[in-house]
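In: heads up, no residue letters with this:
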Ligand SMILES: Nc1ncnc2c1ncn2[C@@H]1O[C@H](COP(=O)(O)OP(=O)(O)O)[C@@H](O)[C@H]1O
Ligand SMILES: O=C(O)C1=C[C@@H](OP(=O)(O)O)[C@@H](O)[C@H](O)C1
Ligand SMILES: [Mg+2]
């Protein structure tokens, strides 16, 4: 069995981008929990939040995480709120190593500048403050859930991917 590489972290830290890159580079299957939710419901993440609210989304997320946690040898990118429910982390840990992509508020804001409209929780006038607030709320959860912490502030997404693979390979020895 090959362990899964699981990426957690705040919105905009590059989980989806780095996960896709990692999988391609190292010939692993890539799964993004948000994409699975979109595929299952036929709705965008924005639409789900708008029509049914956050709680409904969290429930879908929990079901999807439970399913994808059973796979082997995959790169799994999660949504930033996955740490809010401890059961998600327990499931992901069964067959996966958990990497926290850790970024500062200003780096996250910079990364999300052109796609803030795709993040329903940051859909407000002062999204810098909202990022700061949510990050404060979640910081400890990310820390507690992860096996490894990667600071992304000064790395390209490619460099983050390489760093993760180095750790993953060294763990297998
Ligand atoms: N290390 C990085 N440096 C610069 N830009 C990045 C980096 N990682 C991701 N990005 C960019 O930030 C945006 C958000 O990335 P994404 O992968 O969707 O994050 P997440 O899935 O964590 O919300 C994308 O436009 C992506 O190209
Ligand atoms: O942090 C969150 O609560 C969320 C993060 C998003 O995923 P990304 O972290 O990939 O942006 C997506 O799941 C949804 O908008 C909620
Ligand atoms: Mg993502």
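Out: Received, thanks. Quick caveat, the model's predicted, so the values are computed rather than measured. Residues are numbered from 1 along each chain as shown. Ligands and ions are numbered 1, 2, ... in the order given.
In: Please, which helix or strand holds the residue nearest to residue 60 when sequence neighbours are not counted?
Out: Closest residue in space to residue 60, ignoring its immediate chain neighbours: residue 37 at 5.1 Å, by CB to CB, 6 or more residues apart in numbering. Using the backbone N, CA and C atoms, a C-beta is placed for each residue, glycine as well. In the assignment (DSSP states H and E), residue 37 maps to helix 33-41.
In: can you list contacts of the next helix or strand after that helix?
Out: Counting by DSSP H and E, the next helix or strand C-terminal to helix 33-41 is helix 45-52. Helix 45-52 is contacted from outside by 34, 37-38, 41, 43, 56-57, 60, 79, 117-118, 120-121, using CB atoms under 8 Å, 6 or more residues apart in numbering.
In: rewinding a little: buried set for the helix holding residue 37?
Out: Buried residues in helix 33-41, defined by neighbour count with 16 or more other CB atoms under 10 Å: 33, 34, 36, 37, 38, 41.
In: What distance do you get for the fourth one to residue 100?
Out: So the one you mean is residue 37. Separation of residue 37 from residue 100 (CB to CB, to the nearest Å): 21 Å.
In: Show me the contact partners of the helix or strand containing residue 8.
Out: Residue 8 belongs to strand 4-9 when elements are defined using DSSP H and E. Here strand 4-9 makes contact (CB under 8 Å, 6+ apart) with 15, 18-19, 22, 28, 69, 71-78, 80, 82-83, 92, 95-103, 142, 145-146, 152, 164, 168.
In: In the chain, where is pLDDT below threshold?
Out: Scanning the chain for pLDDT under 70 picks out the ranges 172-173.
In: Can you tell me which residues in it are near ligand 2?
Out: 11, 15, 16, 34, 45, 79, 80, 81, 119, 120, 121 (CB under 6 Å from any ligand atom).
In: out of those residues, who's near ligand 1?
Out: Among the residues of the chain next to ligand 2, ligand 1 is touched by 11, 15, 16 when using CB under 6 Å from any ligand atom.
In: out of those, which one sits closest to residue 88?
Out: Residue 88 has its nearest neighbour among those in residue 15, at 13.9 Å by CB to CB.
In: ok, now which ones touch the closest one?
Out: Counting by CB under 8 Å, 6+ apart, residue 15 has contacts 7, 8, 9, 32, 77, 78, 80, 101.
In: Could you report the separation of the most centrally placed residue in the chain from residue 113?
Out: Nearest to the mean C-alpha position of the chain, by CA atoms, centre = their mean, lies residue 78 at 3.3 Å. Separation of residue 78 from residue 113 (CB to CB) stands at 22 Å.
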